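In: how would this look folded up:
(2 chains)
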Protein chains: 2
Amino acid sequence: MSFTPSTENLIKALQLMPGIGLRSAQRLALHLLERAPEEARNLSVALETALAAVKKCPTCRTLTESDQCDICASPEREEATICVVISDADKEGLELSGHFKGRYFVLHGALSPIDGIGPEQLGIWQLIDLISAQDSKVTEVLLALDDQMESDATAYFISEQLKKGSIACSRVRFAQFKSGSLDKADSRVIADALANKQTIGFEHD
Amino acid sequence: MSFTPSTENLIKALQLMPGIGLRSAQRLALHLLERAPEEARNLSVALETALAAVKKCPTCRTLTESDQCDICASPEREEATICVVISDADKEGLELSGHFKGRYFVLHGALSPIDGIGPEQLGIWQLIDLISAQDSKVTEVLLALDDQMESDATAYFISEQLKKGSIACSRVRFAQFKSGSLDKADSRVIADALANKQTIGFEHD
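Out: Okay, here's the model as predicted:
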């Protein structure tokens, strides 16, 4: 199939999104151009607006539109525990359960050297600096990462870095959990997982 | 789950696209904002560019970036037969087979009063004007629409309008065909369907 150059270009741009193959991208592009130019305009504006407004919280990398995210800004949240997650979606899933009272750190991905994703891209040095700062009150790091190979490598990498300090580092495991689907787990599963965290690496004595 | 206002807005805009539910829209929005701002910018620009460049051919409503589409501009194509299709994708599917030598008319949808899609939105009056113009060379209309209920209603409506003139009107049926998937049919299926068209409505004697 061959469409006009701008249509082909739009198909390519849509196809870069995860889970959208060539056929879906063609269908979406034609839908937008043939039947829904208003939706297309709306989507373009929504993208531009979100790109301009949404940034990462300078402390924990949660997506926010303020200078600091709600959780970092809240005096109610415990400062001793940081829960490290792969995506904002996982943080939201944990928040829905209401069982975690500490703070978060969002990696926005997992280590994947082949895709050029190293510790720098995930803010891991920022996490280490945050934990080891002179005035840091952090005593425990929970790694609430899923069971994907990249996530395991990321958990190992972070726990190795934390060996140098005196921070308890644990892995929190949710059965059948894949990053992005934590809101489907019921609140009890999350409570159990948080209670049964598995200590890894150096333990604070 | 609750995300920032602009993120929620982007999720809503993505969710308007066919086949994209809430969960997919959330995953796409977070992917774009967390990991792929360049892709998001690229998509926004591709949308704007396509919206500005792509228009409907004034004669046959095919998507084009020129004043007239390639087929309408070609002196090679027979002017006696117009093949009416629901989408540009169907026209492309028929073109791939190479069996149709006439011209097209693209409806960009099917009648669906509940969605506000009437003959005006599909350019059906434009099609009738085109066929009944003083200098028109059209003697036959092929309705290559799929078997969806709305497509049947559209075929019936067009054939009723053509009764007033002296134009042969036939329905071309492709087994298992749904608008947008014609490129998957092999060329022989298309040739057979074109050869076995079913005359409907008024016949020219």
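In: can you mark which positions in the helix ranked longest in chain A are buried?
Out: Taking DSSP state H as the criterion, chain A has its longest helix at helix A:37-53. Of the residues in helix A:37-53, A:39-40, A:42-51, A:53 count as buried by neighbour count, 16 or more other CB atoms under 10 Å in any protein chain shown. Using the backbone N, CA and C atoms, a C-beta is placed for each residue, glycine as well.
In: check stretch A:19-27 too.
Out: For stretch A:19-27, the neighbour count (16+ other CB under 10 Å) marks A:20, A:23, A:24, A:25, A:26, A:27 as buried.
In: quick one: which of these is nearest residue A:130?
Out: residue A:20 (35.4 Å; CB to CB).
In: surely that closest one meets residue A:14?
Out: Yes. With contact defined as CB atoms under 8 Å, residue A:20 counts as touching residue A:14 (5.7 Å).
In: keep the buried residues of stretch A:19-27, but drop any that are not near chain B.
Out: When contact is defined as CB under 8 Å from any CB of the partner chain, these meet chain B at A:20, A:24, A:26, A:27.
In: of the residues you listed, which is the nearest to residue A:122?
Out: Distance to residue A:122 across these (CB to CB) is lowest for residue A:20, with 24.4 Å.
In: wait, a helix at that closest one?
Out: No. Looking at residue A:20 with DSSP: H, G, I helix; E, B strand; the rest coil, it is coil, so not inside a helix.
In: which ones are touching it?
Out: By CB atoms under 8 Å, 6 or more residues apart in numbering or on different chains, residue A:20 lies in contact with A:14, A:28, B:28.
In: the same query, at a cut-off of 10 Å, please.
Out: A:11, A:14, A:27, A:28, B:17, B:19, B:20, B:24, B:28 (CB atoms under 10 Å, 6 or more residues apart in numbering or on different chains).
In: just residue A:100 next, same as before
Out: Neighbouring residues of residue A:100 by CB under 10 Å, 6+ apart: A:77, A:78, A:81, A:83, A:91, A:94, A:142, A:144, A:172, A:190, A:191, A:194.
In: got it, and residue A:24?
Out: Residue A:24 touches A:11, A:14, A:15, A:17, B:17, B:18, B:19, B:20, counting by CB under 10 Å, 6+ apart.
In: burial measure for the fifth one, as a count.
Out: Around residue B:17 there are 22 other residues, counting by other CB atoms under 10 Å in any protein chain shown.
In: surely it meets residue B:47?
Out: No. Contact criterion CB atoms under 10 Å: residue B:17 and residue B:47 do not qualify, at 11.5 Å.
In: what sits in contact with each of these two?
Out: By CB under 10 Å, 6+ apart, residue B:17 and residue B:47 have these common neighbours: A:14, A:29, A:32, A:39, A:40, A:43.
In: ok, which of the residues you listed also contact chain B?
Out: By CB under 10 Å from any CB of the partner chain, the members of these lying near chain B are A:14, A:29, A:32, A:39, A:40, A:43.
In: farthest-apart pair in the shared contacts of residue B:17 and residue B:47, please.
Out: Top of the distance list for the shared contacts of residue B:17 and residue B:47 (CB to CB): A:14 and A:39, 13.1 Å.
In: got any residues that touch both of the two?
Out: With CB under 10 Å, 6+ apart, residue A:14 and residue A:39 have common neighbours A:32, B:17, B:47.
In: that older thread, can you tell me which of the contacts of residue A:100 are buried?
Out: Neighbour-count burial (16+ other CB under 10 Å) is assigned, among those, to A:81, A:83, A:91, A:94, A:142, A:144, A:172, A:190, A:194.
In: what's the farthest-apart pair in these?
Out: The distance between the two most remote of the buried ones among the contacts of residue A:100 (CB to CB) is 14.7 Å, for A:81 and A:190.
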